[in-house]
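Chemist: How does the following fold in three dimensions:
(one chain, ligands or ions: 1)
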Amino acid sequence: MKHYYVTTHANENGEHTIHEDECSIFPEIDTLEDLGYFYGYNDAYRDAKRKHKKWRVVACSECCSDGIK
Ligand SMILES: [Zn+2]
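Modeler: Reported below is the predicted structural model:
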């Protein structure tokens with residue numbers, strides 16, 4: 001399983017980005033919420049949406065390129 005995080009502050013497009021912990025552009029840890037361990041991006045996405053129903057959640061293009069855009 002992989003360890004996933006989501007940014008707590010939206011970017012300029014109003015989106016919160018999900019990263020794996022081995023991402024090459026991993027953000028500062030204090031700007032992230034720990035989502036936990038999942039088998040893939042889609043499971044991490046569903047968990048982030050369940051916790052934050054109003055957030056627009058997107059995949060990091062570096063580490064989650066197989067995810068939902
Ligand atoms: Zn990433």
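Chemist: Residue numbers of the protein in contact with the ion?
Modeler: Contact residues of the chain with respect to the ion, defined by Cβ under 5 Å from the ion, are listed as 19, 23, 60, 62, 63. Where you see a C-beta, it was placed from the backbone N, CA and C, and this is true even at glycine.
Chemist: burial measure for the third one, as a count.
Modeler: Right, the one you point to is residue 60. As a burial measure, residue 60 scores 22 neighbours (other Cβ atoms under 10 Å).
Chemist: What's the separation between it and residue 43?
Modeler: Using Cβ to Cβ, to the nearest Å, one obtains 15 Å as the distance from residue 60 to residue 43.
Chemist: in the helix or strand encompassing residue 58, what's buried?
Modeler: For residue 58, the enclosing helix or strand under DSSP states H and E is strand 56-59. By neighbour count on 16 or more other Cβ atoms under 10 Å, the buried set for strand 56-59 is 57, 58, 59.
Chemist: Touching, the first one and residue 45? I think so.
Modeler: Yes: with contact defined as Cβ atoms under 8 Å, residue 57 and residue 45 form a contacting pair (5.8 Å).
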